[in-house]
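Asks: Quick one: sequence and predicted model below, then my questions.
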Amino acid sequence: VRSVDYSPSGPSTVCATGDDGCLRFWDLRRPTQVAREIAGAHEHWGTVARYCPASEMLVASGGTDGRVKLWNLKRDPGPP
């Protein structure tokens, strides 16, 4: 894991990214279970993941693939 950020809606939800390029979300009340995953969010390492301060439904991520992506969690892939 290279980057973790807390949801602006509360301290129990976090997003994270790392060396596998995936973007993952956890409910810290159930830390052994990934709540949602966007596989292949980046073609190489994910280096940063940040929630939008105004909306928990928007997350920005960046990676060593040279891309910065904005994810709309209402629309983008991943299990509910």
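Replies: Great, that's in hand.
Asks: all contacts plus neighbour counts: C-alpha atoms, from now on.
Replies: Will do.
Asks: Show me what the one helix or strand G62 maps to is packed up against.
Replies: In the assignment (DSSP states H and E), G62 maps to strand 55-63. Using 3 or more Cα pairs under 8 Å, 6 or more residues apart in numbering; DSSP states H and E, the elements in contact with strand 55-63 are strand 46-52, strand 68-72.
Asks: Next, the angle strand 68-72 makes with that strand.
Replies: Orientation check (axes from the mean of the first three to the mean of the last three Cα atoms, to 10 degrees): strand 55-63 against strand 68-72 gives 150 degrees.
Asks: Looking at the helices and strands packed on strand 55-63, which one is packed in the most?
Replies: strand 46-52 (a mean of 22; mean count of other Cα atoms under 10 Å).
Asks: Distance to V34 for the helices and strands packed on strand 55-63 - can I get that in JSON lines?
Replies: Supplementary listing: the helices and strands packed on strand 55-63 in JSON lines, determined by distance: least, Cα to Cα, whole Å:
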{"stretch": "strand 46-52", "distance to V34": "16"}
{"stretch": "strand 68-72", "distance to V34": "17"}
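Asks: that older thread, buried sites along the strand holding G62?
Replies: E56, M57, L58, V59, S61, G62, G63 (16 or more other Cα atoms under 10 Å).
Asks: for those residues, which one is nearest R75?
Replies: Distance to R75, by Cα to Cα, is smallest for M57 among those, at 9.2 Å.
Asks: Does the host helix or strand of D5 pack against any helices or strands, and if so which?
Replies: Assessed by DSSP H and E, D5 sits inside strand 3-6. Under the contact criterion of 3+ Cα pairs under 8 Å, 6+ apart, strand 3-6 touches strand 13-17, strand 46-52.
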